[in-house]
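Novice: Next comes the sequence, and after it the predicted model I'd like to discuss.
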Amino acid sequence: MNVSGQQQADLDALAAEIGHGLSIDDPHGRLVAYSPHHAGADPARIASILSRHVAPEILAWQNEHGIATATEPVTVPANPELGMATRLCVPIRQGGKLLGYLWVLDGALAGAALVAVTRFASRLAAGSPPDVNSMIGRLPDSFDELAAAMPALLRTRIQICAVVPSPVAAFTGAEFRRLTTAIPSALRSSPSYIGSFVSTTHALALFSNPAAVTELAAITPDCAVGISEPALFEATSVRTAHFQALAAAELSALDPALPSPLTWSGLGPYRALMSTPDTTLSKLDSTGLLTLETYLDFGGDAKRTAAHLHLHRTTLYYRLGRVSEALGVSLDDGLTRLELHLALKHRRLARRTLG
């Protein structure tokens, strides 16, 4: 969920009225808003304010006390080992759907204060703006929801950027929490930025054309960034752009010959390989595959290939001769080189897991 400027002001006023610090988390532990009244802020809450995300062990403790299924306020007891004081959780629900939690720090409430907090949670649910970032994370399936939430995007041009760790893996917990805050913080000043979403395997950012690629790459130095072609904001085009961005990012991370950031148009032979079967190279072992791919990546330059592989030039020629013999082809033929190079890149492509 998101909190508007007026809702933030109302949160601050309510915290001052009841004399307790208040904060709002989404169902996944992302800190959405908090009041400046810090009298009851325990170490756990201070840490979540700094990282903008609740630690996994604290989420587990809260969930042990039934907050995810609660429809009424729930008291979560103190846990000194986690740096938590007692706090009150008021679920924020809209038509039975859990939108988040309103937390009252440092103690229990009763009487008028409890009524005021409960009513405020109800107002948050009723007036909660659409969660555009969540919709971006569910693209392309959420296209209709996003179009309804942001009708101004219809008939405009957009671009999608994807970010994946390089080498490809899941984000660490620390990197996941950092990017959840760093991406919107770095991009929200760009007039083209629409929203973003970070999952455990990749991040997506949606822009009105053109994309703020420089800013995105600057905050993801250990990642690969892929960029779709500009596309009209309509269902089919958004689906295509989503595929292009993920393919460019992941292949940039999988293939060291490709740069980052990488546009879809910069994928070169990979664009033609998306449906090409790889049956050419089955007779080569790993040494032959590495030697051949490096040789072709360097345009058939034997000197550079030998230096890159730390081989004597004679050893390189011997390996290339074995490759030619195993495949029954001549590496002096340009079309043969192109076919083999495409087949080698198809092996990289087959390792994709996203999109």
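Specialist: Yep, that arrived.
Novice: Which parts of this protein are strands?
Specialist: For the chain, the strands defined by DSSP state E cover 22-25, 31-34, 74-76, 87-94, 97-105, 157-165, 193-198, 203-208, 223-227, 231-232, 262-263.
Novice: okay if I get those as JSON lines plus mean pLDDT, mean neighbour count and distance to residue 61?
Specialist: In this view, the C-beta of every residue, glycine as well, is placed from N, C-alpha and C. Shown next, in JSON lines, are these (pLDDT from 0 to 100; neighbours: other Cβ atoms under 10 Å; distance: least, Cβ to Cβ, whole Å):
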{"stretch": "strand 22-25", "mean pLDDT": "90", "mean neighbour count": "24", "distance to residue 61": "13"}
{"stretch": "strand 31-34", "mean pLDDT": "86", "mean neighbour count": "21", "distance to residue 61": "16"}
{"stretch": "strand 74-76", "mean pLDDT": "92", "mean neighbour count": "17", "distance to residue 61": "7"}
{"stretch": "strand 87-94", "mean pLDDT": "91", "mean neighbour count": "22", "distance to residue 61": "11"}
{"stretch": "strand 97-105", "mean pLDDT": "89", "mean neighbour count": "22", "distance to residue 61": "13"}
{"stretch": "strand 157-165", "mean pLDDT": "96", "mean neighbour count": "25", "distance to residue 61": "29"}
{"stretch": "strand 193-198", "mean pLDDT": "92", "mean neighbour count": "22", "distance to residue 61": "24"}
{"stretch": "strand 203-208", "mean pLDDT": "95", "mean neighbour count": "25", "distance to residue 61": "28"}
{"stretch": "strand 223-227", "mean pLDDT": "96", "mean neighbour count": "27", "distance to residue 61": "31"}
{"stretch": "strand 231-232", "mean pLDDT": "95", "mean neighbour count": "18", "distance to residue 61": "44"}
{"stretch": "strand 262-263", "mean pLDDT": "95", "mean neighbour count": "22", "distance to residue 61": "42"}
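Novice: any chance of those strands in CSV, with distance to residue 51 too?
Specialist: Shown next, in CSV, are the strands of the chain (distance: least, Cβ to Cβ, whole Å):
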stretch, distance to residue 51
strand 22-25, 12
strand 31-34, 8
strand 74-76, 19
strand 87-94, 18
strand 97-105, 16
strand 157-165, 19
strand 193-198, 13
strand 203-208, 17
strand 223-227, 19
strand 231-232, 35
strand 262-263, 30
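Novice: who wins for proximity to residue 352 among those?
Specialist: strand 157-165 (10.0 Å; Cβ to Cβ).
Novice: name the helices or strands packed onto the closest one?
Specialist: Counting contacts by 3 or more Cβ pairs under 8 Å, 6 or more residues apart in numbering; DSSP states H and E, strand 157-165 is packed against helix 173-187, strand 203-208, helix 213-218, strand 223-227, strand 231-232, helix 235-254.
Novice: if you set the cut-off to 10 Å instead, what comes out?
Specialist: helix 173-187, strand 193-198, strand 203-208, helix 213-218, strand 223-227, strand 231-232, helix 235-254, strand 262-263 (3 or more Cβ pairs under 10 Å, 6 or more residues apart in numbering; DSSP states H and E).
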